[in-house]
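J.: Generate a structure from the sequence data that follows.
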Amino acid sequence: MPEESVDHIDFEALLKNAISPPLVKHIFTADPSAHVFNGKIYIYPSHDIDAGDAFDDLGSHFAMEDYHILSMDAPTDTIAIDNGVSLQVKDVKWAEKQMWAPDAAEKNGKYYLFFPAKDYNGIFRIGVAISHSPTGPFIPEPEAINQSFSIDPAVFKDEDGSYYMYFGGIWGGQLQRWRTGVFLGEQPESPFAFLPLNHEPSLCAKVAKLTDDLLDFSETAKDVLINDENGNPLLQGDNDRRFFEASWMHKYQGKYYFSYSTGDTHFLCYAIGDNPYGPFTYSGRILDPVIGWTSHHSICEFENKWYLFYHDSSLSKGVTHLRCVKVTELKYDEDGKIIPINPYTF
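T.: Prediction:
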């Protein structure tokens, strides 16, 4: 549900009628990236900490400074285990602050944590940290990924063993400041600076294949193009469908499903393509709006069933920057379309 409706919500009714409970309640968590490693679910969320700043469109109130990794024996559990702090911003040489939504991958018995953070110039970059355990602790590389920028890394392993990173987020995620290939910082900081006009093609998420060691891009990042039903790129003014942030990729019945958040209109949507680079055709909504301004998710298969991991602000009773991660089953129809989910039953 959009932020402006918070004052009119009966939170007791909301909690009673939510389809899923918070997976942890002792800390605030968001942006859950879920994976199955060694037959177990591991969730890599961001850790919400109140910065004490007023809510703004640049995300200044998001003060995340570390990562807690959660684990579950199965996504049907109602409680996840907090495995403690796995990485802190003070241990990352190049990063100053704002460790936002991360993701993880496994290769040859090593686990890789991918995370965005602002460097000492105030520019979001994406870093990598490595561990021999899915729960860490993770040891960060001394530098961010070369030519990385913006936020929300999501790493997808294809069936041929290739790994791809999808990333990007507009407004506070700074994607709009990279339209020329270099960071545009000469104008006053504003989430609306450098955005395309409403009648122009929308900003795209980015995708790059990773090197064999998963520590770098093997190519220049490309646009993740989302087309409408007529084969035309979605426009920037198409706020109910265009990309905003929160990339995720999964594969179902041979097709590539790129999913994302529309940000200011609060939907989780998806588009389908024939290869990891796209183009993708907009195919519908996954999740209706939740309590709280943001929506961010992951999709994971476990024992032949699919699950949506997401967050809302029900635990903090609508304080939009203090969230809690949740999980619910995700289903497809006979045509491979995702059946939309309402996070509340009233």
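J.: Low-confidence stretches in the protein?
T.: Low-confidence segments of the chain (pLDDT under 70): 1-11, 51-61, 319-320, 346.
J.: Show me the helices in the chain, by range?
T.: The residue ranges that make up the helices of the chain, judged by DSSP state H, are 11-17.
J.: what's the residue nearest to the spatial centre of the chain in contact with, if anything?
T.: Ranked by distance to the mean C-alpha position of the chain (Cα atoms, centre = their mean), the top residue is Ala246 at 3.3 Å. If a contact means Cβ atoms under 8 Å, 6 or more residues apart in numbering, then Ala246 has 31, 101, 152, 169, 259-261, 268, 295-297 as its contacts. In this view, the C-beta of every residue, glycine as well, is placed from N, C-alpha and C.
J.: likewise His296?
T.: For His296, the contacting residues are 30-32, 101, 152, 245-246, 261, 310-311, taking Cβ under 8 Å, 6+ apart as the criterion.
J.: Could you save the residues you listed as JSON lines and add columns showing distance to Pro340?
T.: As requested, the contacts of His296 are exported to JSON lines (distance: Cβ to Cβ, whole Å):
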{"residue": "Ala30", "distance to Pro340": "22"}
{"residue": "Asp31", "distance to Pro340": "21"}
{"residue": "Pro32", "distance to Pro340": "19"}
{"residue": "Ala101", "distance to Pro340": "23"}
{"residue": "Asp152", "distance to Pro340": "22"}
{"residue": "Glu245", "distance to Pro340": "20"}
{"residue": "Ala246", "distance to Pro340": "17"}
{"residue": "Ser261", "distance to Pro340": "15"}
{"residue": "Tyr310", "distance to Pro340": "13"}
{"residue": "His311", "distance to Pro340": "18"}
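J.: Narrow the residues you listed to those in strands?
T.: Here DSSP state E is the test, and these give 30-32, 245-246, 261, 310-311 as lying in strands.
J.: Distance-wise, check the nearest residue to Ile49 once chain neighbours are set aside relative to Asp312.
T.: In this structure, Ile49 finds its nearest non-sequential neighbour in Ala63, 4.6 Å apart by Cβ to Cβ, 6 or more residues apart in numbering. Applying Cβ to Cβ, to the nearest Å, one obtains 20 Å for the distance of Ala63 from Asp312.
J.: Pick out whichever of these two has more residues nearby.
T.: Counted by other Cβ atoms under 10 Å, Ala63 and Asp312 do not tie: Asp312 has more neighbours, with 27 against 18.
J.: right, and the more buried one touches Gly292 too?
T.: Yes: Asp312 sits in contact with Gly292 when judged by Cβ atoms under 8 Å, with a separation of 5.3 Å.
J.: Need the overlap of contacts for those two.
T.: With Cβ under 8 Å, 6+ apart as the test, Asp312 and Gly292 both reach Arg323.
J.: Could you count how many residues lie near Gly122?
T.: Counted with other Cβ under 10 Å, the neighbours of Gly122 add up to 13.
J.: Please name the residues that touch it.
T.: With contact taken as Cβ under 8 Å, 6+ apart, Gly122 is in contact with Glu96.
J.: Quick check: it vs Tyr164, distance?
T.: From Gly122 over to Tyr164 the distance is 28 Å, taken as Cβ to Cβ.
J.: Show me the beta-bridge partners of Phe167.
T.: For Phe167, the beta-bridge partners under DSSP bridges are Lys206.
J.: Neighbours of it, how many?
T.: Burial measure for Phe167: 29 neighbouring residues, criterion other Cβ under 10 Å.
J.: in terms of contact, does it touch Phe124 like I think?
T.: No: counting by Cβ under 8 Å, Phe167 does not reach Phe124; the two are 9.6 Å apart.
J.: Find the residues that touch each one of those two.
T.: Common neighbours of Phe167 and Phe124, using Cβ under 8 Å, 6+ apart, are 116, 150-151.
J.: Now do the contacts for His311.
T.: So His311 contacts 29-32, 45, 290, 292, 294-297, 323-326 (Cβ under 8 Å, 6+ apart).
J.: could you redo the last one with a cut-off of 6 Å?
T.: When contacts are counted by Cβ atoms under 6 Å, 6 or more residues apart in numbering, His311 is found next to 30, 323, 325.
J.: In space, what's closest to Pro340 - neighbours in sequence excluded?
T.: Counting by Cβ to Cβ, 6+ apart, Arg285 is the residue found nearest to Pro340 once chain neighbours are left out, at 4.9 Å.
J.: scratch that, Gly336 is what I was asking about
T.: If you skip the residues right next to it in sequence, Gly336 has Gln253 as its closest partner in space, 5.6 Å away by Cβ to Cβ, 6+ apart.
J.: again with Ser202
T.: Of all residues apart from its sequence neighbours, Arg242 sits closest to Ser202 (Cβ to Cβ, 6+ apart), at 3.8 Å.
J.: so how far is Thr281 from the one you found?
T.: Counting by Cβ to Cβ, the gap from Arg242 to Thr281 is 14 Å.
J.: Neighbour count: those two, which is higher?
T.: Comparing Arg242 with Thr281 by neighbour count (other Cβ under 10 Å), the higher total belongs to Arg242, at 25 against 17.
J.: Thought Leu203 was touching the more buried one, still the case?
T.: No: counting by Cβ atoms under 6 Å, Leu203 is not a contact partner of Arg242; they are 7.8 Å apart.
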